[in-house]
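> Task: produce atomic coordinates for the following.
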Amino acid sequence: MSPVLTRPRATQHRAAQHLTKDELAQTPAGAMTVSVDCPAKTNLTLEVGPTHDEWGGRHALDTVYCAVGVYDTVTATAKYPGAGFSLDIEGTHLGDLAASSSDMRRNHAVLALFAMAEAAGRDPDVALTITKRIPVGAGLGGGSADAAATLLAVNRLWDLDWPVDRLRAIAATLGADMPFCVAGGFAHGTGYGERIEDITPDSPRGRELAAQGFAGDVLVGAYQSQLSTPEVYRTFDAVGAGEGDRNHLQAAAINLHPRSGRAVDAAAQAGARHAFVSGSGPSVVAFVPNDTAAQRVIDAWRADGLVDRIIRAKAPAKPLVRVSQ
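Numbers count the residues shown, from 1 in each chain. You can find the predicted model right below:
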């Protein structure tokens, strides 16, 4: 079967609420609803350093982040005081999130809701709906995007009006990529990935990235299989970085998922300006200069079944916030 090609459009995302009858009874009439489309992330460069005990054994990272226009949508609706939180997840490609053993209390969006409630001194009386489009367990930061979207949604839902830096400080307590996902675009990340310096498009570094071909059309080659980030890091500790790899985790990801390596090579040979494994994989990202090159990459991936799904998007991307009653 040929890979399916999809073309996400942020302006088309309109996630409907799917509240149960009991949850509707817990939702005040005319309650505000905030929906946030949050893009996936990739790492244009990812240098992995030593582990640090003070970071819970995390590796030091030096990375250039780029948000890619494949969006998850988080919708947050106020509930009556004391009603508690609820979570609904929908989508075609849910991966492990669809498993009956999945603990929703450990979902990144729920953890972000709890963190916001604690910081604001409020109870988490919010109904959350996540519409998944970012592949799960794919090195594209889908869980981080969900957490960031929740922070942005609750910030507006509760009229907190907290600045990005404050939201990022909360996000940094939850995971490495989440502070970046709060604002998207381009950014330089250090520490374990949580220290973020934005790179604006009109800055010298932003213009340099665009000139190098890291802006515009992007193809994402996605897989039905997933990779565990801890397992990729353990493999990295054993095999190290590949010679010339801008993503130090790429060799480890390919060791665990060889199709990714073949997809990277095929995209480069077909005319992609850049092709690499995204983060800890297994997804492959290819930046293409024009429609002709994009079609050549798509044809190459399809001809040899090198990916399971092809998503065409734009980069860099930003979160989008919508409010309704």
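
> Hmm, residue 307 is touching residue 223, no?
Yes - with contact defined as CB atoms under 8 Å, residue 307 counts as touching residue 223 (6.5 Å). (Glycine included, C-beta is placed from N, CA and C.)

> any common contacting residues for those two?
residue 259 (CB atoms under 8 Å, 6 or more residues apart in numbering).

> Among the two, which residue is more densely surrounded?
residue 307 (28 against 24; other CB atoms under 10 Å).

> Check the spacing between the more buried one and residue 177 real quick.
Taking CB to CB, to the nearest Å as the measure, residue 307 falls 22 Å from residue 177.

> Skipping adjacent residues, who's closest to residue 268 in space?
residue 275 (4.7 Å; CB to CB, 6 or more residues apart in numbering).

> What values do phi and psi take at that neighbour?
Phi and psi for residue 275, reported as degrees, to the nearest 10, are phi -140, psi 130.

> show me what contacts it?
Residue 275 neighbours (CB under 8 Å, 6+ apart): 263-265, 267-268, 284-287, 297.

> go on, residue 40?
Per CB under 8 Å, 6+ apart, neighbours of residue 40: 67-72, 134, 140-142, 145, 220.

> Who is the residue nearest to residue 268 paired with across the strands?
residue 286 (DSSP bridges).

> can you give me the strands in the stretch 201-325 of the chain?
216-222, 274-277, 284-287, 309-315, 320-324 (DSSP state E, counting those that start in this stretch).

> Show me what the fourth one is packed up against.
In terms of contact count using 3 or more CB pairs under 8 Å, 6 or more residues apart in numbering; DSSP states H and E, strand 309-315 is assigned the packing partners strand 4-6, strand 58-78, strand 216-222, helix 291-303.

> in this structure, which helix or strand is least confident?
helix 21-25 (a mean of 51; mean pLDDT, DSSP states H and E).

> which element follows that one toward the C-terminus?
Next helix or strand after helix 21-25 toward the C-terminus (DSSP states H and E): strand 33-52.

> Quick check: buried residues in that following strand?
Buried residues in strand 33-52, counted by 16 or more other CB atoms under 10 Å: 33-48.

> what about this structure, any weak spots by pLDDT?
Along the chain, the model assigns pLDDT under 70 to residues 1-2, 4-30, 95-103.

> In it, which helix is the longest?
helix 142-157 (DSSP state H).

> what angle do that helix and strand 320-324 make?
40 degrees (axes from the mean of the first three to the mean of the last three CA atoms, to 10 degrees).

> and the angle for helix 142-157 with strand 33-52?
130 degrees.

> so what does helix 142-157 touch, helix or strand wise?
With contacts defined as 3+ CB pairs under 8 Å, 6+ apart, helix 142-157 has these neighbours: strand 33-52, strand 58-78, helix 108-120, strand 126-131, helix 164-172, helix 178-181, strand 320-324.

> Check the offset of that helix from the chain's centre.
11 Å (CA atoms, centre = their mean, to the nearest Å).

> With stretch 132-150 instead?
4 Å.

> Show the end-to-end separation of it, please.
End-to-end distance of stretch 132-150 (CA to CA, to the nearest Å): 13 Å.

> Equivalent analysis for stretch 304-313, please.
Using CA to CA, one end of stretch 304-313 lies 22 Å from the other.

> For it, which outside residues touch it?
By CB under 8 Å, 6+ apart, stretch 304-313 touches 2-8, 68-70, 93, 135, 217-224, 259, 262-263, 266, 284, 294, 298, 300-302.

> Can you select the buried ones from those in PyMOL?
Of the contacts of stretch 304-313, the buried ones can be selected in PyMOL as follows, counting by 16+ other CB under 10 Å:
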select buried, resi 3+8+68+69+70+93+135+217+218+219+220+221+222+223+259+262+263+266+284+294+298+300+301
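
> For the closest residue to residue 117 other than its chain neighbours, give me its contacts.
Among residues not flanking residue 117 along the chain, residue 124 sits closest, at 4.1 Å (CB to CB, 6+ apart). Residues near residue 124 by CB under 8 Å, 6+ apart: 84-85, 113-114, 116-117.

> at 10 Å what do you get?
79, 83-85, 110, 113-118, 154 (CB atoms under 10 Å, 6 or more residues apart in numbering).

> Relative to residue 161, which of the buried residues of strand 33-52 is nearest.
residue 34 (12.9 Å; CB to CB).

> wait, isn't that closest one in contact with residue 158?
Yes - contact criterion CB atoms under 10 Å: residue 34 and residue 158 qualify, at 9.5 Å.

> joint contacts of the two?
76, 78, 126.

> and the residues you listed as TSV, adding neighbour count and distance to residue 183?
Listed next are the shared contacts of residue 34 and residue 158 as TSV, based on neighbours: other CB atoms under 10 Å; distance: CB to CB, whole Å:
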residue	neighbour count	distance to residue 183
76	28	18
78	20	24
126	26	22
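
> my guess is residue 42 meets residue 142, correct?
No - judged on CB under 10 Å, residue 42 makes no contact with residue 142 at a distance of 11.8 Å.
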